[in-house]
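Q: sequence plus predicted model, see below.
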Protein chains: 2
Amino acid sequence: MERIKPRTLSGFMELLPARQKQFDRIREILEKTYALYGFTGLDTPVIESSEVLLAKAGGETEKQIYRFTKGDSDLSLRFDLTVPLAKYVALHYNELSFPFRRYQIGKVYRGERAQRGRFREFYQADIDVIGDGKLDIINEAEIPAIIYQTFTALGLNRFRIRINNRKILNGLFAALGLSEQAGDVMRTIDKLEKIGPEKVKAILTEDFAVPPPTAGELLSVIQADAPLAALRAYQGKNEMLDTGLSELETVVKYLGDFGVPQDHFAIDLTIARGLDYYTGTVYETVLLDHPEVGSVCSGGRYDNLAEYYTEKQLPGVGISIGLTRLFYVLEEQGLLNSDLPTAPADVLILPMTEALSPAIAFATACRGVGVKAQLYTEPKKFKAKMNYADRIAVPFVAFLGEDEVAGGVVSLKDMTSGDQVQVPLAKAPGWLRQRVEGRNQGAPVKE
Amino acid sequence: MERIKPRTLSGFMELLPARQKQFDRIREILEKTYALYGFTGLDTPVIESSEVLLAKAGGETEKQIYRFTKGDSDLSLRFDLTVPLAKYVALHYNELSFPFRRYQIGKVYRGERAQRGRFREFYQADIDVIGDGKLDIINEAEIPAIIYQTFTALGLNRFRIRINNRKILNGLFAALGLSEQAGDVMRTIDKLEKIGPEKVKAILTEDFAVPPPTAGELLSVIQADAPLAALRAYQGKNEMLDTGLSELETVVKYLGDFGVPQDHFAIDLTIARGLDYYTGTVYETVLLDHPEVGSVCSGGRYDNLAEYYTEKQLPGVGISIGLTRLFYVLEEQGLLNSDLPTAPADVLILPMTEALSPAIAFATACRGVGVKAQLYTEPKKFKAKMNYADRIAVPFVAFLGEDEVAGGVVSLKDMTSGDQVQVPLAKAPGWLRQRVEGRNQGAPVKE
């Protein structure tokens, strides 16, 4: 038979069992944390009609899209979870209750140039709160509290949530007489961290006709050590700036109520985050020891989620974690907690008698109390069986020989310590359960 | 602005929040049950190279596939989880330990003609045990035990697992002198339930030159009330039949050890299940009250998982549940347990004071003990807030007014009974947790 060489496409993450377990643990924490805040889980299709999915897209997005026809249909794979959400909310508007809080953790597709750490298929883990016409500012303060809680639950501590408000930037541009080139100025400022203040100033003055003193003033405000104080000097000069400042102060005040420690967030007026979509608070989250990674969780407030589908005004606020990339980074940096078990089973049961009923009954009893049990029944030598136990890194091995069966006990070997004990059959599942729960304590990330 | 009418493609299941919750609950039980048997969860890409994915496919499959090009790449969306598993095992052979037990619950794609209850994007929930060269027969007995456990955990009782062995059929054909037309006979028998014995007999005799007495004998054996007894009459006449019979008897014996009740499985010699792939035990699972639905969980033993990718002999046994279709059927038949909560949150917190810190602190405390809490802070009238609580069907509403805050209590309203009590703030999260756990008891299906 002619054989095809098996391969997985580049840019598609395919994990071996132990790493998959680590990935799933992180995914579960995201899901659980989101749910604790009263978000409902959605699962929209991976494929959408191109007309619907690309209603808004253009430029870079459209080039990267996986688009194809099937029969008469022009189809595309989703490239984020926001556009499908907009479609969902517009389509099911009458059946939903607002504020509508949803999370979605799902795969999205972008045909980017393949390179290390870049993925063409990757998970995004999003939450959004959508209002009908209006949405209270407190939602903009709760979002960073959720970011804080999520990253803390993962086991991360060395991270910081950067917060800004788009109204402040736009208001500041207006106050400085830069309204006309606001878009260009915003884009240039967005590069500050990458290219530095000198180059930003040069671009502003040379390419966009910003007077050098104005460029200097702008840069000194947005880079000020005490940004709120610096902004207060402009109060009363521009209404939008005033509104933005008031929103930012409200968000910061509530952040304290939500229990986000001072050193885990910072006002950062240099954060712009894209151009058209966001209208209020914006967020970025950086790993303090790995700034080169960029933001691992970003989002913000927007005024019009679904304007391409409906005339309803649907303001909202949301964030997205690039889960596949985050996992890749955590692994690269050696931050995954390797103390947590990754074996498929908690206990590998080795029957050593002809009759299998005692081993089967024991496996059933283990599963009954939530202990993951695998029966190993292949006719192999003892050494091969123990090698298998080692290779799958199973925490416990259970031996059931003639003596054990006759004595109503089971021999349990702790594969980490090497200790072996005999435990009465009836007590063994509980014995295992207790120890397995202990082994599974701890966060998936260890800094 | 010109608007695009939002729509979801036909054949793609997109659920409203409450139904999504019901779906997720079923999915979680599948996942949890599979894991209890020591299967490791995998998550392979949705897109594969067409060359790899279609190495084996042909005919019907190839027509239904979502296939497209991106740049120079010929790509396809997976149409099942078995081919990706074969690729995975062949590709990662050296890094895996055998027997390799994996489950995967994921979306697959088939561009079928759209019709009611047929899906183009749907979840399959698969388990497979793969051996390296050999695989013990006990695995073929454990699989129906897992089916039994899974369906029981879902809350189903009125189902039956039908078991056959392909070696018996092939051996029987040989013993009756039908080896040459074995494939045709197998295909015809597969239609027995659909078209009835008369038509099967007619096709066998008229189209495939089976002598009428032989056709009659074949039909009487495979439809016998006591199939094992009927088969024993042929013992010694054909080696393959003898092997198959012995395997079937072994599987049935172990099924008792695994605790599968007699009335939940049946030997059924009329089950053929496809042609080339399966080589030993085969399974189908039917809902006794809904035979029209067909098999909701099928699978079997195969000798060569990955022959298109590797020369390694990789025998295995596995099953697949068509989760999306199962959910659709359960809902259609009104079998989903509507007593279980489907709200995004367990408690909706209504702050009735200017300062929000008490409400925020209470929300944080609830989340700390695993109670899903949503803060409702939109400036609406009381009635609108309660309408919202009703619409999302939240089990509890918490009121925090001046009196409550001053008294260190919170008023908790049970939205099912209408009862309202005041509980000390410190005790309220635990109070809620206990009741919420109670509400979540019970299986997702209620027959």
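A: Structure's in. What do you need?
Q: okay, and the residue of the stretch 51-200 of chain A found nearest chain B sits in which element?
A: Going by CB to the nearest CB, chain B is nearest to residue A:68 of the stretch 51-200 of chain A, at 3.2 Å. Heads up, the C-betas are built off the backbone N, CA and C, glycines and all. Assessed by DSSP states H and E, residue A:68 sits inside strand A:67-70.
Q: ok, then the element right after that strand?
A: The helix or strand immediately downstream of strand A:67-70 is strand A:73-77, counting by DSSP H and E.
Q: ok and that next one relative to strand B:73-77, angle-wise?
A: 90 degrees (axes from the mean of the first three to the mean of the last three CA atoms, to 10 degrees).
Q: beyond strand A:73-77, next helix or strand please.
A: Next along from strand A:73-77, by DSSP H and E: helix A:82-91.
Q: let me know the average pLDDT across that next one.
A: Helix A:82-91 comes out with an average pLDDT of 97.
Q: by contact count, what packs against it?
A: Judged by 3 or more CB pairs under 8 Å, 6 or more residues apart in numbering or on different chains; DSSP states H and E, helix A:82-91 is in contact with strand A:47-49, helix A:50-53, strand A:100-109, strand A:121-130.
Q: close to chain B, is the helix or strand of chain A with the lowest mean pLDDT?
A: Lowest on mean pLDDT, DSSP states H and E among the helices and strands of chain A sits helix A:60-64, with a mean of 79. No. For helix A:60-64, no contact with chain B is found by CB under 8 Å from any CB of the partner chain; the gap never falls below 9.6 Å.
Q: report the buried residues of that helix.
A: Neighbour counts over helix A:60-64 (16 or more other CB atoms under 10 Å in any protein chain shown) mark residue A:64 as buried.
Q: how about stretch A:167-182?
A: Here stretch A:167-182 shows A:167, A:168, A:169, A:170, A:171, A:172, A:173, A:174, A:175, A:176, A:178, A:181 as buried, counting by 16+ other CB under 10 Å.
Q: likewise for stretch A:290-297?
A: Quick answer for stretch A:290-297 (16+ other CB under 10 Å): A:290, A:293, A:294, A:295, A:296, A:297.
Q: where along the stretch 101-250 of chain A do the helices fall?
A: Taking DSSP state H, counting those that start in this stretch to define them, one finds helices in the stretch 101-250 of chain A at A:138-154, A:166-175, A:182-189, A:192-208, A:212-222, A:227-232, A:239-257.
Q: hang on, the earlier thing: now the least confident helix or strand of chain A - C-alpha only, CSV.
A: Provided in CSV are the C-alpha atoms of helix A:60-64 (Å, rounded to 0.1, in the frame of the first residue of the first chain):
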residue,chain,number,x,y,z
GLU,A,60,-5.3,43.0,6.7
THR,A,61,-8.1,40.9,8.1
GLU,A,62,-9.6,40.1,4.7
LYS,A,63,-6.2,38.9,3.4
GLN,A,64,-5.7,36.5,6.3
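Q: that one - contacts with which helices or strands?
A: By 3+ CB pairs under 8 Å, 6+ apart, helix A:60-64 packs against no helix or strand.
Q: residues making contact with it?
A: The contact list for helix A:60-64, computed with CB atoms under 8 Å, 6 or more residues apart in numbering or on different chains, reads A:54, A:79, A:110, A:111, A:112.
Q: reformat those residues as TSV; add distance to chain B, neighbour count and pLDDT.
A: Output for those, formatted as TSV (distance: CB to the nearest CB, whole Å; neighbours: other CB atoms under 10 Å in any protein chain shown; pLDDT from 0 to 100):
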residue	distance to chain B	neighbour count	pLDDT
A:54	9	20	92
A:79	13	22	95
A:110	11	20	95
A:111	5	19	91
A:112	11	14	80
